[in-house]
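> Give the three-dimensional model of this entry:
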Amino acid sequence: MKKQLKRQLTIAVLTVGCAASSHVFARDTIGTYAIDPALKSDAGKVSDDVALYFAGQKHPGVAKSFGEVATNKKTNAFGKTDEVACQHVFLSAVLALQERARKEGGNAVINIKSNYKNEVRESATEFTCGAGAMVAGVALKGDIVTLKK
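I've put the predicted structure just below:
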């Protein structure tokens with residue numbers, strides 16, 4: 001009887017411990033981070049052959065529009081600060097937009113907005129990122145265009 005009680009107590013403690021730790025790993029902190037330092041966080045990564053214009057930034061006239069595209073990127077955030085993980089995944093999202101523009105024949109992505117969990121946020125200076133204990137994510141959308149020269 002004593003053995004059975006000890007076993008049940010052990011199982012109860014483990015169950016409570018697992019339940020408590022799942023909340024730690026389920027963290028999803030949504031924050032805003034500066035665009036400019038993120039773009040410069042890995043020098044040479046972002047190419048200048050496809051121009052980037054965030055919401056509200058002035059740009060040359062549009063010669064041709066290819067429509068709106070979206071990207072949703074995730075990265076391993078384990079052992080990284082939220083800022084470092086978010087900058088890394090932001091770069092990944094921006095590179096995906098540039099690659100899509102090249103593929104479509106565009107030379108710019110304009111009106112770039114954050115779209116994390118389908119909540120659109122327009123800013124020329126900040127992007128939205130969700131960071132947890134294991135994963136960070138950035139979702140962006142923008143219009144692929146060819147700008148007038």
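
> where are the low-confidence patches of the chain?
Along the chain, the parts satisfying pLDDT under 70 run over 1-26.

> What ranges does this protein have for its helices?
2-25, 35-39, 82-104 (DSSP state H).

> Please compute how far the last one lies from its chain's middle.
Which is helix 82-104. 8 Å (C-alpha atoms, centre = their mean, to the nearest Å).

> Run through who's touching it.
29, 31, 33, 35, 37-39, 41-42, 45-47, 49-50, 52, 66, 69, 71-77, 80, 107-109, 112, 127, 129, 131, 136-140, 142, 144 (C-beta atoms under 8 Å, 6 or more residues apart in numbering). Just so you know, the C-beta spots here come from the backbone N, C-alpha and C atoms, and that holds for glycine as well.

> which parts of it are buried?
82-83, 85-98, 100-101 (16 or more other C-beta atoms under 10 Å).

> of the contacts of helix 82-104, buried ones?
The neighbour count (16+ other C-beta under 10 Å) marks 33, 35, 38-39, 41, 46, 50, 52, 66, 69, 71-75, 77, 107-109, 112, 127, 129, 131, 136-140, 142, 144 as buried among these.

> Longest strand of this protein, counting residues only.
strand 62-76 (DSSP state E).
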